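> Kindly return the folded structure for what I paste below:
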Amino acid sequence: MTTLALFIAIAAGVVVPSALLASAASNTIEARRVLRLRRARWEARRGAG
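Presented below is the predicted three-dimensional model:
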């Protein structure tokens, strides 16, 4: 394995997991926001009904 290949492998090993973590975190935040909106809407409808 050349030094360049080793460097690329290390860079990929660092970049890919951090990108996956960032996307997972944003998905989680988005899901929480949607759930909160749905719950608020449902409670408003229940209170009105």
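> switch to C-alpha atoms for all contacts and neighbour counts from now on
Noted.
> This structure: helices as residue ranges?
For the chain, the helices defined by DSSP state H cover 3-48.
> Next, count neighbours for residue 41.
When neighbours are counted by other C-alpha atoms under 10 Å, residue 41 registers 12.
> Quickly note the distance from it to residue 33.
Distance check for residue 41 against residue 33: by C-alpha to C-alpha, to the nearest Å, it reads 12 Å.
> which residue is nearest the middle of this protein?
Geometric centre of the chain, nearest residue: residue 24, 2.4 Å, by C-alpha atoms, centre = their mean.
> any idea how far it lies from residue 44?
Separation of residue 24 from residue 44 (C-alpha to C-alpha): 30 Å.
> repeat for residue 34
For residue 34, the distance to residue 44 (C-alpha to C-alpha) stands at 15 Å.
> do the same with residue 33
Distance of residue 33 to residue 44, computed by C-alpha to C-alpha: 17 Å.
> pLDDT below threshold where in the chain?
Along the chain, segments meeting pLDDT under 70 span 1, 49.
> rerun that using 90 as the cut-off
Low-confidence segments of the chain, defined by pLDDT under 90: 1, 8-19, 47-49.
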